[in-house]
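Engineer: Pasting the sequence and the predicted model now:
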Amino acid sequence: MENWEFWDDFLKNIAVDYKLTLAEQEFFLGRFKRINLEKDETEICRIVMGDDNEEAYKKRKSQVYRKFKKIINHSGKNKFPILLKWLETEYHNRYDRQQNPNTLTQFQEKVSNPFIPLSGIIDNPKFFFNREREITRIFEVLNSGSSIAIIGESGVGKSSLLKAIAQKASQYLKKPRKPIYIDLQNIHNDNDFYTAICEEVGIEICQGYKLQRNIKLYRILLLLDVVENISYDWFTNKLRSQLRGLANDVDPPLRLVVAASKPLDILFPDSGDKTSPFKNICIEEYLEPWNEKTIRDFIESRLQADFLEQEYQGIEFSEDEISDIIKTSDGHPGKVKHQCYELFERKKL
């Protein structure tokens, strides 16, 4: 019997990989769920659109299939079975049929160095480590009806934690919300921000009252990375005020998870022209560097990882080497991984 236990998570990862908007994701995830594969288009239309809006359903379907044009690669009428066949093949390529979701052995590919990735955001659960306490706390806050701000110095893992929150939202939120991640390092003015959020939601690009009206139809978990960028002068008070208004309601269309390098009262002082969009909305959660036990657990788990190529299994770090990593890394996950990676490479020679 084939194991489809992780099919829904797989579909979510594919939706992210192919940059589907929120509206496109709703069709894609609904159409390709295992329980829906045998249903006809009329049934799927009701599931996805909530009514018999056949024209809107056809438009949404066409938008999604266009995102996969390199896979479908034809203009015929059999796009669904072609895409489904590719998805099932890709699923089996990525996941072991006997996988365990709580270990690193759920992935088939082998690596020659377990201390990866060395840079960038970790958005693959295979490589995400620790932060269970913070994740539990964050969802407790979100489920209580508040938004949350993750505060921590550069390199401590805020961006990777945001990605983990997005991946776990469907599992841990009591009231479902669609996660949308926006990196504000790539947003340079008000128009950029409104374009980004509207495109991700899947609505026409708008702001002000029109945005407030259109976005009320959705329930969104908005994850904003590098939120200190909003304090810059090229972002207006109007944007900050609208963001606050959309998140400040009994049951707001937006629930916020923001990441910043400094406390919010420092980034957005009450005085002056920098209106804070987060005061009395976001509860702060401080992300601390890894302690000694966490570093030791991380090293131990990676050195025992079954996804490591066989010829490199059995490599060990000495107590002196581990102590040196703990001392010189200051507990920053990125520094720990870099030092472990370099040490592992030397031991392979």
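Structural biologist: Looks like it came in fine.
Engineer: residue boundaries of the helices in the stretch 201-349 of the chain?
Structural biologist: Using DSSP state H, counting those that start in this stretch, the helices of the stretch 201-349 of the chain run over 208-215, 237-247, 264-267, 292-303, 319-329, 333-348.
Engineer: which outside residues touch the third one?
Structural biologist: When you say that, I think you mean helix 264-267. 149, 151, 227-228, 231, 260, 276, 278-279, 282, 284 (CB atoms under 8 Å, 6 or more residues apart in numbering). (Each C-beta comes from the backbone N, C-alpha and C, glycine too.)
Engineer: who wins for proximity to residue 312 among the helices of the stretch 201-349 of the chain?
Structural biologist: With CB to CB as the criterion, residue 312 lies closest to helix 333-348 of the helices of the stretch 201-349 of the chain, at 6.1 Å.
Engineer: residues in contact with the closest one?
Structural biologist: In contact with helix 333-348 (CB under 8 Å, 6+ apart) are residues 112-119, 129, 155-157, 160, 289-290, 295, 298-299, 302, 312, 315, 317, 321, 325, 328-329.
Engineer: Could you list the low-pLDDT ranges of the stretch 101-250 of the chain?
Structural biologist: By pLDDT under 70, the low-scoring segments of the stretch 101-250 of the chain are 101-109.
Engineer: domains of this protein?
Structural biologist: Taking automatic domain parsing as the domain assignment, the ranges for the chain are 7-94, 104-123+290-348, 132-286.
Engineer: What average pLDDT does the first one get?
Structural biologist: This points to domain 7-94. Taken as a whole, domain 7-94 carries a mean pLDDT of 83.
Engineer: Please tell me how far stretch 11-28 is from the chain's geometric centre.
Structural biologist: In terms of CA atoms, centre = their mean, to the nearest Å, the centre of stretch 11-28 is found 12 Å from the chain centre.
Engineer: Pull the contacting residues for the residue nearest the centre of the chain.
Structural biologist: Nearest residue to the geometric centre of the chain (CA atoms, centre = their mean): residue 163, 2.9 Å. Shown in contact with residue 163 (CB under 8 Å, 6+ apart): 121-123, 128, 181.
Engineer: Could you dump those residues into CSV and include distance to residue 78, neighbour count and secondary structure?
Structural biologist: Below are these laid out as CSV (distance: CB to CB, whole Å; neighbours: other CB atoms under 10 Å; DSSP: H, G, I helix; E, B strand; the rest coil):
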residue, distance to residue 78, neighbour count, secondary structure
121, 37, 16, coil
122, 38, 21, coil
123, 32, 19, coil
128, 38, 16, coil
181, 34, 19, strand
